[in-house]
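J.: Pasting a predicted model and its sequence here:
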Amino acid sequence: MTGIPPVETRVLILPEWTDLNGHMNVAWYVLAFDRATDAFYDALGIGWSYLERERHSLFTLAMNVDYVREVFAGHSVRVVSRLVDHDRKRLHYFHQMFHAADGWLAATNEIVAVHVDMATRRSAAFSDETAGRLAAMQAAHSCLPAPPQLRRTLGIRRLEPSARGNG
């Protein structure tokens, strides 16, 4: 891959982030992914300083979180973030959380966000400069293999009666 590599963020899992099951609670996964989003936006030049400077921000429209393997207090994780797609006003990006020491996949987070003019609190097109950075990152990340969790939908898949067997 040439150009802009995926953005990496390291997060240490704190004891207070665990629940009665002994593993990290779902709410804290979202917090860890949110920290990765902050780093990802900074790399694109649309982080918190962009809000202060340009009076534009990004609002999350939708997200999916897949919990693949448990993480526990004291574990360090590495979140790898990539741009999947974008248009004039929206971003589609994907985070993968890996155990930092052992490398296994712990969770994924897929997000669609909208660019907002904070004066009107309405969606707004990205500037040409920002759109150029988005296009460059998307082009660089488009050659990465698509993870199986990308673009998945939620639901309960029903088996046909003939496929269920006799049990």
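T.: Received the coordinates, thanks. Numbering: from 1, shown residues only.
J.: Quick check: mean pLDDT of the helix or strand where Ala139 lies?
T.: Take DSSP states H and E as the rule and Ala139 turns out to sit in helix 128-141. Taken as a whole, helix 128-141 has a mean pLDDT of 94.
J.: Please tell me how far it is from the chain's geometric centre.
T.: Using CA atoms, centre = their mean, to the nearest Å, the distance from the centre of helix 128-141 to the centre of the chain it belongs to is 17 Å.
J.: In PDB, list the C-alpha atoms belonging to it.
T.: Output in PDB follows, covering the C-alpha atoms of helix 128-141 (Å, rounded to 0.1, in the frame of the first residue of the first chain):
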ATOM      1  CA  ASP A 128     -12.100  20.900  -1.200                       C
ATOM      2  CA  GLU A 129      -9.000  20.600   0.900                       C
ATOM      3  CA  THR A 130     -10.600  18.100   3.300                       C
ATOM      4  CA  ALA A 131     -12.200  16.200   0.400                       C
ATOM      5  CA  GLY A 132      -8.700  15.800  -1.100                       C
ATOM      6  CA  ARG A 133      -7.300  14.300   2.100                       C
ATOM      7  CA  LEU A 134     -10.300  12.000   2.300                       C
ATOM      8  CA  ALA A 135      -9.800  10.800  -1.300                       C
ATOM      9  CA  ALA A 136      -6.100  10.200  -0.700                       C
ATOM     10  CA  MET A 137      -6.800   8.200   2.400                       C
ATOM     11  CA  GLN A 138      -9.600   6.200   0.900                       C
ATOM     12  CA  ALA A 139      -7.400   5.400  -2.200                       C
ATOM     13  CA  ALA A 140      -4.600   4.200   0.100                       C
ATOM     14  CA  HIS A 141      -6.900   2.100   2.300                       C
END
